[in-house]
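Q: sequence? don't have it. structure:
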């Protein structure tokens with residue numbers, strides 16, 4: 001009887017721990033969406049093998065994450081494109097352009113992954129809109145609730161200030177009529193938005209305004225006391241670092 005009982009216990013133990021396929025059972029990946037778009041979860045799962053992706057440590061755990069865009073051309077405008085961060089254990093996403101506004105840029109694109117704010121981990125910079133000579137990006141960051149679009153509290157300088165305040169778009173580029181730039185500031189934890197416009201009839205003189213925003217998680221907050229204004233003759237992009245490296249070219 002003792003032998004039989006021992007054999008049964010042994011068989012039970014083997015059945016519980018000796019299954020060679022047990023270690024190959026796939027672990028379910030957590031999906032954390034960032035909007036009320038009904039198609040978001042299915043779209044980001046369907047695009048898990050993207051044609052173009054970048055890598056960076058978005059969640060701040062010290063390991064590289066894969067960043068890409070997932071699209072659904074048949075959805076309503078605000079739910080057609082999603083930024084996706086694949087950490088391995090989780091898929092985090094957020095709509096690229098929840099406003100649903102008409103854009104001149106045919107498709108958004110992930111531009112770069114760099115550390116911008118005061119929280120550990122990288123941010124995702126996405127091309128969202130373009131004009132005749134100016135381009136516009138949005139920034140996304142990981143939060144305790146998933147992935148979020150970085151918003152603005154305060155207006156940037158220059159002719160696009162009204163639009164930027166409404167849509168959290170950051171301008172860069174331009175032409176002789178106006179130039180814009182956005183970059184990490186030399187002061188840690190800050191972002192600088194700059195604009196240069198011609199001064200009166202003098203074609204070689206520019207008024208440059210630099211506005212500084214404190215980068216607190218998913219919010220860029222204007223600090224008016226730090227605003228700088230300069231009159232520059234024969235302006236060159238090297239005169240101010242943000243014009244040379246925009247957008248976010250000096251963030252590290």
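A: Happy to help now that I have it. Everything numeric in this text was worked out from a predicted model, so none of it was measured. Residues are numbered from 1 along each chain as shown.
Q: give me the below-cutoff pLDDT ranges for the stretch 51-200 of the chain.
A: 162-166 (pLDDT under 70).
Q: can you show me the strands along it?
A: Applying DSSP state E, counting those that start in this stretch to the stretch 51-200 of the chain gives strands spanning 54-56, 65-71, 81-86, 90-95, 109-114, 123-130, 134-143, 146-149, 151-153, 170-175, 178-184, 190-199.
Q: in CSV, list the ones you listed along with distance to residue 30 and mean neighbour count.
A: To be clear about C-beta, it is placed using only N, CA and C from the backbone, and glycine gets the same treatment. Shown next, in CSV, are these (distance: least, Cβ to Cβ, whole Å; neighbours: other Cβ atoms under 10 Å):
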stretch, distance to residue 30, mean neighbour count
strand 54-56, 19, 17
strand 65-71, 14, 22
strand 81-86, 11, 25
strand 90-95, 4, 24
strand 109-114, 21, 19
strand 123-130, 19, 22
strand 134-143, 14, 23
strand 146-149, 10, 21
strand 151-153, 25, 16
strand 170-175, 30, 22
strand 178-184, 31, 25
strand 190-199, 30, 22
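Q: looks to me like residue 225 is in a helix.
A: Yes. Residue 225 sits within a helix when classified using DSSP: H, G, I helix; E, B strand; the rest coil.
Q: do you know the pLDDT at it?
A: You'll see residue 225 listed with a pLDDT of 98.
Q: could you do residue 8 as well?
A: For residue 8, the model assigns a pLDDT of 38.
Q: max-length strand in this protein?
A: strand 202-216 (DSSP state E).
Q: show the contacting residues for residue 113.
A: Contacts here follow Cβ atoms under 8 Å, 6 or more residues apart in numbering; on that basis residue 113 touches 54, 55, 56, 58, 67, 122, 123, 124, 125.
Q: how close does residue 179 sit to residue 138?
A: 20 Å (Cβ to Cβ, to the nearest Å).
Q: meant to ask about residue 42, not that
A: Counting by Cβ to Cβ, the gap from residue 42 to residue 138 is 23 Å.
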